[in-house]
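Engineer: the amino acid sequence is not available; the structure is as follows:
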């Protein structure tokens, strides 16, 4: 059980990087970017390619991040320059990436057991925690900069960005590129962690990422203390732990995708209908001394 | 200040129908004046603001700002000199950011954005003073997200943001239409103060003739893309304008 917990956390932290990437497009830019389905495996395959060529694992991991940025760049070009709808732009890039990934190494599955990776000499839990934290801190700092705020404003109100004398398309492209860079980095880490890169790695990864972001969002919902980045990491870990427990309880691993989709459906619909369900008001209707903080009688006050 | 020469704008409704909103349209706005633009729905008021702000491209004609041709400049480039407050209180601000963050963004208008921290302590006091001078209690909400502000507060914030970097032209697109009468008066009074203090040339669209008369120096009525009426606001009474409205409506029904 402890082992299951540890593995879930390690994988959760790797998926935390993925979730932070998807958070940029889904939460900040308010678009659903399907490029991630391709860029996650792109990260894994880029790493495999370069590490097999003899490059050191650090540089190979960094190159995965860069290739992810390029993938985001392709989607941005389709979306912003060729005016193809963002959802379709993502699907088109993802489809192209499928072929590119296969071309990169010439096969659909590459073993990395004999290769030098970031995990070769490091403890996985320590390494994944360090990477997730460094990215979280860098991303938090970035979102507090002038450009970071413009990125947030672009997702919120493009008119405002234009009125500030800036081209909002630039910031959409920046968001998409940064997002896919992080997703590819996460893919590269995943391949190194599990010891192989596989073409199916990216399948339905958007659902995993969204589930993580959405679960993270629901943790202490109204607390402004928890930043979006922290929520993404916590969400990814929670998601992995839930999945780990489910499999431990005898669930078939192939059913996990359906469960992920159901988690996303439940959380999104809960958020959409929350005000109608009035769960918080229900408490006040029940009323009574149990719910009143100050129990002094009115006269005494 | 702002000069519009022989402007033409048309929209393709479908393959055979073209709607010409403006043809050979001329307008001159003098520096430091407030001009009210009135007219029935569909007369071209908002289209004109969109053409000036660069949100729409004209088919023909030139727009000059301080003698410089800006007709082909992109909206984001023009917006450095031309500020606009929209009718919808959420259209000129970022709802998910705080009042402070919105102000800090507006303070960087037209400048280059870098990887420095946006919110700096030394600027915070300046924004605080700015909000205090507006005197509607926004200074107590500086760290609150704009989505929790009322419509009147949002429009006041939009105004402060639009005028922060002393634009050459301020475009007000029925900016009090979505507010209740009380908030509308407050925002209009503050607008007047701000325009006077910063000496901004203003073009304001309004459906409220009383407001248009009260808060402008010059009043222009548009009808089907033509100026049917252009006089100093002092020289005219509300009833006269209403009579012209009626006349125009009757003409429309008759045709």
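Structural biologist: Done, it's in. Please read these numbers as outputs of a predicted model, since none were measured by experiment.

Engineer: so how far is residue A:231 from the residue in the stretch 201-301 of chain A positioned nearest to chain B?
Structural biologist: Across the stretch 201-301 of chain A, the shortest distance to chain B (CB to the nearest CB) belongs to residue A:224, at 9.1 Å. The C-beta positions use only the backbone N, C-alpha and C, and glycine is treated the same way. Separation of residue A:224 from residue A:231 (CB to CB, to the nearest Å): 11 Å.

Engineer: same thing with residue B:179?
Structural biologist: Relative to residue A:231, and taking CB to CB, residue B:179 is found at 36 Å.

Engineer: of those two, who's got more company?
Structural biologist: residue A:231 (26 against 21; other CB atoms under 10 Å in any protein chain shown).

Engineer: which phi and psi does that one have?
Structural biologist: Main-chain dihedrals, residue A:231, degrees, to the nearest 10: phi -60, psi -40.

Engineer: neighbours of the residue nearest to it when sequence neighbours are not counted, just the number please.
Structural biologist: Distance criterion CB to CB, 6 or more residues apart in numbering or on different chains; nearest residue to residue A:231, sequence neighbours excluded, is residue A:216 at 3.4 Å. Number of residues near residue A:216 (other CB under 10 Å) recorded here: 26.

Engineer: for residue B:54, give me its contacts.
Structural biologist: Going by CB atoms under 8 Å, 6 or more residues apart in numbering or on different chains, residue B:54 touches B:70, B:73, B:74, B:75, B:76, B:77, B:78, B:79, B:82.

Engineer: how does it look with 7 Å?
Structural biologist: Taking CB atoms under 7 Å, 6 or more residues apart in numbering or on different chains, we find residue B:54 in contact with B:73, B:74, B:75, B:78.

Engineer: who touches whichever residue of the stretch 151-255 of chain B sits closest to chain A in this structure?
Structural biologist: Distances between the stretch 151-255 of chain B and chain A by CB to the nearest CB are smallest at residue B:162, namely 7.6 Å. Applying CB under 7 Å, 6+ apart to residue B:162 gives the contacts B:83, B:84, B:85, B:92, B:170.

Engineer: who's in contact with the first one?
Structural biologist: Right, the one you point to is residue B:83. Contacts of residue B:83 by CB under 7 Å, 6+ apart are A:163, B:162, B:163, B:167, B:170.

Engineer: in strands, which of these fall?
Structural biologist: Among these, the ones falling in strands (DSSP state E) are residue B:170.

Engineer: shaky segments in the stretch 201-301 of chain A?
Structural biologist: A:275-301 (pLDDT under 70).

Engineer: show me where the stretch 51-200 of chain B has helices.
Structural biologist: Chain-ordered helices for the stretch 51-200 of chain B, with DSSP state H, counting those that start in this stretch as the definition, fall at B:75-78, B:99-107, B:121-134, B:151-163, B:181-198.

Engineer: include mean pLDDT when you put these into JSON lines, please.
Structural biologist: Formatted as JSON lines, the helices of the stretch 51-200 of chain B follow (pLDDT from 0 to 100):
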{"stretch": "helix B:75-78", "mean pLDDT": "90"}
{"stretch": "helix B:99-107", "mean pLDDT": "94"}
{"stretch": "helix B:121-134", "mean pLDDT": "87"}
{"stretch": "helix B:151-163", "mean pLDDT": "90"}
{"stretch": "helix B:181-198", "mean pLDDT": "88"}
